[in-house]
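Enquirer: Predicted model, plus sequence, below.
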Amino acid sequence: MTEMMRVVAIQEHGGVDKMKLDQWPVPVAKANHALVEIKACGLNYMDVFVLHGMPDMPTKMPRIPGGDVAGIVREVGEGVSSEWIGKRVVLFPRFPEGGVLGENGNGGLCEYISVDERQLIEIPDSVSFRDAAALPIAYGTSHRMLFTRGRLKKGEKVLILGASGGVGVSCLQFAKMAGCEVYACTSSEEKSEKLKALGADHVINYADNPDFSKAVWAATGKKGVDVAINFTGGDTWIPTQRCMAVNGRILTCGSTVDHMCTIDVRFVWFREMDIIGSRAYVPDDIKACLQFVADKKIDPVIDQVFSLENSADGLRLLEERRVFGKVIIEI
């Protein structure tokens, strides 16, 4: 095995010009760790936050981004079964001691990574590296938010804000898989057509309907939706509340625009609505997603695939919100 590997690392906070192709030593599989040869890595909006810098969350530089990692186990350290060698794996993005790949430690925009054995999840034979790398953060987050925390049921009306990104698209796919009626919000006619093709029953274009709540309320026959998914934050919360049916549930797993949000408490008590937070995903969420793909119940939506050398172009699509689904880097 070569002693050096190609990496793309963020040298300092700023724009995508701060991402540089470099040569780093191949890491060593220390005790209880495995060395994985990376085949594909999925990008997320988290990587944009790391690139720009997040208030009160300093990131040690240089940092290799990329939290969704799929590859092949090539070596194992002391304490790890040799049966892992040669297995196709996707990595659980969270470190056992806390933090996430690509943010609190180096991620997958490189040729090799050494990870704790507890982060290894075997990929079913019928699932490609590309599809596996699309799943952990976006699909894993959506799975937990909708089914574990959100108690989604067949026949419910579901509103998805920001429906064209990785989490939004996966929410749409899971909601349709569960037999729900989906109201999807997006920002362009092109994305609207893609959402319809993916199964959205109603699409609301923010550009045409800045106050999306009126369009949603009318489309539901003035009854509202049972479930609303809002990971946008900012000034979208009161309009989201206006969309809710009595006993409705607002689900949130983040705030891509602004984490300071204003709510109208009258809607909370008058419509007896629940606001449910979902922190992230656990290994079982990712395993469930892999099985859905293996069983052909869902097909991960991948917008574009880039080489490692062109990783900055992929992150730029996310930065400019020009993505429908996932961006994958093949190593």
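Expert: Yes, it's here.
Enquirer: what about I275, which SS state?
Expert: When classified by DSSP: H, G, I helix; E, B strand; the rest coil, I275 comes out as strand.
Enquirer: Pretty sure C110 sits against R6.
Expert: Yes - look at C110 against R6 with C-beta atoms under 8 Å: they come within range, at 6.7 Å. C-beta here means a position set from N, CA and C on the backbone, and glycine is covered the same way.
Enquirer: Just want to know which of those two has more residues nearby.
Expert: Per other C-beta atoms under 10 Å, whichever of C110 and R6 has more neighbours is C110, with 24 against 16.
Enquirer: the helices in the stretch 101-250 of the chain, which residues?
Expert: 129-132, 140-143, 166-177, 189-198, 212-219, 237-242 (DSSP state H, counting those that start in this stretch).
Enquirer: now the longest one, how far from the chain's geometric center?
Expert: For helix 166-177, the separation from the chain centroid amounts to 11 Å (computed by C-alpha atoms, centre = their mean, to the nearest Å).
Enquirer: same deal with the second one?
Expert: Centroid separation between helix 140-143 and its chain, computed with C-alpha atoms, centre = their mean, is 8 Å.
Enquirer: can you list contacts of it?
Expert: 167, 170-171, 174, 253, 278, 280-282, 285-286, 288-289 (C-beta atoms under 8 Å, 6 or more residues apart in numbering).
Enquirer: who's in contact with D258?
Expert: By C-beta under 8 Å, 6+ apart, the neighbours of D258 are 233-235.
Enquirer: hmm, 10 Å instead?
Expert: Listed by C-beta atoms under 10 Å, 6 or more residues apart in numbering, the contact set of D258 reads 232-237.
Enquirer: So for it, what's the pLDDT?
Expert: With respect to pLDDT, D258 scores 81.
Enquirer: any idea how far it is from V115?
Expert: 33 Å (C-beta to C-beta, to the nearest Å).
Enquirer: can you check C41 too?
Expert: According to C-beta to C-beta, C41 and V115 sit 13 Å apart.
Enquirer: Neighbour count: those two, which is higher?
Expert: Each of C41 and V115 has its neighbours counted (other C-beta under 10 Å); C41 has more, 34 against 25.
Enquirer: what residues are up against the residue nearest to S192 when sequence neighbours are not counted?
Expert: Distances taken as C-beta to C-beta, 6 or more residues apart in numbering put V203 closest to S192, at 4.5 Å, once the chain neighbours are dropped. When contacts are counted by C-beta under 10 Å, 6+ apart, V203 touches 163-164, 182-186, 189, 191-196, 215, 219.
Enquirer: What subset of those is buried?
Expert: 163-164, 182-186, 191-192, 194-195, 215, 219 (16 or more other C-beta atoms under 10 Å).
Enquirer: Which of these sits closest to V323?
Expert: Using C-beta to C-beta, S164 comes nearest to V323 of the buried ones among the contacts of V203, at 7.3 Å.
Enquirer: Was I right to think that closest one contacts C185?
Expert: Yes - using C-beta atoms under 10 Å, S164 makes contact with C185 at a distance of 9.0 Å.
Enquirer: Assumed G42 was part of a helix.
Expert: No - counting by three-state DSSP, G42 is not found in a helix; it is strand.
Enquirer: Which residues are in contact with the nearest residue to it once chain neighbours are set aside?
Expert: Distance criterion C-beta to C-beta, 6+ apart; nearest residue to G42, sequence neighbours excluded, is D68 at 3.1 Å. Shown in contact with D68 (C-beta under 10 Å, 6+ apart): 40-44, 46-47, 90-91, 93, 101-102, 107-108, 132-140, 166, 286, 326-329.
Enquirer: Next: T256.
Expert: Applying C-beta under 10 Å, 6+ apart, we find T256 in contact with 45-46, 48-49, 161-162, 165, 167, 231-234, 321.
Enquirer: Now flag whichever of the residues you listed is closest to D22.
Expert: V48 (20.3 Å).
Enquirer: What residues are bridge-paired with R94?
Expert: V100 (DSSP bridges).
Enquirer: swap in H202?
Expert: Y183.
Enquirer: still on that earlier bit, quickly list what's touching both of C110 and R6.
Expert: What both C110 and R6 touch, as defined by C-beta under 10 Å, 6+ apart, is the set 22, 24, 308, 331.
Enquirer: what's the nearest residue to I238 if we skip its chain neighbours?
Expert: D264 (5.1 Å).
Enquirer: That neighbour reaches Q241, doesn't it?
Expert: Yes - if you go by C-beta under 10 Å, D264 and Q241 touch, sitting 5.7 Å apart.
Enquirer: between the two, who's got more neighbours?
Expert: For D264 versus Q241, neighbours defined as other C-beta under 10 Å are more numerous around Q241 (24 against 12).
Enquirer: ok, now which ones touch the residue positioned nearest the centre of the chain?
Expert: The centroid of the chain falls nearest to A138 when counting by C-alpha atoms, centre = their mean (2.0 Å). Contact analysis of A138 by C-beta under 10 Å, 6+ apart lists 42, 44-45, 67-68, 165-171, 281, 289, 300-301, 325-326.
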